[in-house]
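>>> Next one to model:
(one chain, ligands or ions: 1)
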Amino acid sequence: MEANGHEHVIEVTDLRRVYGGGFEAVRGISFSVRRGEIFALLGTNGAGKTSTVELLEGLAAPAGGRVRVLGHDPYTDRAAVRPRTGVMLQEGGFPSELTVAETARMWAGCVSGARPPAEVLALVGLESKGDVRVKQLSGGQRRRLDLALALLGDPEVLFLDEPTTGLDAEGRRDTWELVSALRAAGTTVLLTTHYLEEAEQLADRLAIMHDGRIAATGTPAEVTATQPSRITFELPEGYFVGDLPPLAELGVTGHETDGRIIRLRTRELQRAATGLLVWAERTGVELRRLDVRSASLEEAFLGIAKAVSGGKTAQTTKEYAA
Ligand SMILES: Nc1ncnc2c1ncn2[C@@H]1O[C@H](COP(=O)(O)OP(=O)(O)OP(=O)(O)O)[C@@H](O)[C@H]1O
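Predicted coordinates:
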């Protein structure tokens, strides 16, 4: 469980999940999560995120490979793992006729050493909703109730399956703050999300899943570094791409044109930007709407998803040898 001085609280090795009928939803994935880390599983719809998280939660047995949570097999050794983990499922599924406070009390009865229900409701900002029936909560408030229930046992490891789906921008930010505070207190968090900004804000490390496999993994910065940076600008009338200095010599790997708008791709952002600006200064050209940026996680995600599907970029007009 120890690696380079870090304790791995989740270890997944060559994990497989096959549903009845023979469909292989998880096709041999491996990753590990260190204590106190937030790890995000990202992926397109049907990539296999929920299927994976359910194996980590011990809700099903793997068809192959190995899962360890806190050093135990979560399926065969559920009694050892369950009290130390908190699970926020995509659909909480509790009786909608109960009030928020009744639901929290009922849930607390199933958790050994549960925190006071009022305390967890306050943590997620539902302290004033104790007397409201669950069915009267908004979708976002229900997600927050799901999260409160997952926190009742003060878990060492928290599984969050799409924790902010249905929340408005403020609710999402509140949840991010709460999850960050939990990490600061030492909780290990594994979350799935469709919001790339959420992973960028929260995750120490992440894995992008596609078709049951991990297509990319690392810190958000490492994953975005796999994609080229971009320089976009508008050339004035009378100037054309051919008037620019030799782009390959500036470290530009390709470009797209859209009317007067030019978009350059490069893995050497500083060299390419400097070469372009020096040229513009010397030539007396004003580069309007100039935008120089590293790839975002969203661009990396789309690039990786496209690459593993064998797709091509729609607008590419010219690629240069690396
Ligand atoms: N009970 C099941 N029986 C058969 N196939 C299933 C079952 N549950 C899920 N699948 C299939 O397994 C694949 C992975 O589904 P999963 O729900 O794990 O994906 P996901 O990445 O969580 O997707 P989403 O982002 O849409 O929630 C999908 O093709 C899905 O149709």
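
>>> how close does residue 53 get to the ligand?
Going from residue 53 to the ligand by C-beta to the nearest ligand atom, to the nearest Å gives 8 Å. Yep, even glycine has a C-beta here, placed from its N, CA and C like the rest.

>>> With residue 134 instead?
23 Å.

>>> I'd like to know how many residues surround that residue.
19 (other C-beta atoms under 10 Å).

>>> Quick one: residues contacting the nearest residue to it once chain neighbours are set aside.
Spatial nearest neighbour of residue 134, chain neighbours left out: residue 96 (4.6 Å); criterion: C-beta to C-beta, 6 or more residues apart in numbering. Neighbouring residues of residue 96 by C-beta atoms under 8 Å, 6 or more residues apart in numbering: 133, 134, 135.

>>> What of residue 63?
When contacts are counted by C-beta under 8 Å, 6+ apart, residue 63 touches 16, 17, 18, 24.

>>> just checking, the second one touches residue 25?
Yes. Residue 17 is in contact with residue 25 according to C-beta atoms under 8 Å; the separation is 5.1 Å.

>>> Looking at these two, which is more packed in?
Shown here are residue 17 and residue 25; by other C-beta under 10 Å, residue 17 has more neighbours (22 against 19).

>>> Identify the bridge partners of the more buried one.
Assessed by DSSP bridges, residue 17 has beta-bridge partners residue 26.

>>> begin at 14 from here
Sure, I'll start numbering at 14, so the last one becomes residue 30.

>>> what's near enough to touch it?
Counting by C-beta under 8 Å, 6+ apart, residue 30 has contacts 37, 38, 39, 61, 64, 65, 68, 73, 75, 76.

>>> Can you say which of those residues are buried?
Burial by neighbour count, 16 or more other C-beta atoms under 10 Å: within those this picks out 37, 38, 39, 61, 64, 65, 68, 75, 76.

>>> Turn the residues you listed into JSON lines, including pLDDT and secondary structure.
Formatted as JSON lines, the buried ones among the contacts of residue 30 follow (pLDDT from 0 to 100; DSSP: H, G, I helix; E, B strand; the rest coil):
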{"residue": "37", "pLDDT": "96", "secondary structure": "strand"}
{"residue": "38", "pLDDT": "96", "secondary structure": "strand"}
{"residue": "39", "pLDDT": "97", "secondary structure": "strand"}
{"residue": "61", "pLDDT": "95", "secondary structure": "coil"}
{"residue": "64", "pLDDT": "95", "secondary structure": "helix"}
{"residue": "65", "pLDDT": "96", "secondary structure": "helix"}
{"residue": "68", "pLDDT": "96", "secondary structure": "helix"}
{"residue": "75", "pLDDT": "97", "secondary structure": "coil"}
{"residue": "76", "pLDDT": "97", "secondary structure": "coil"}
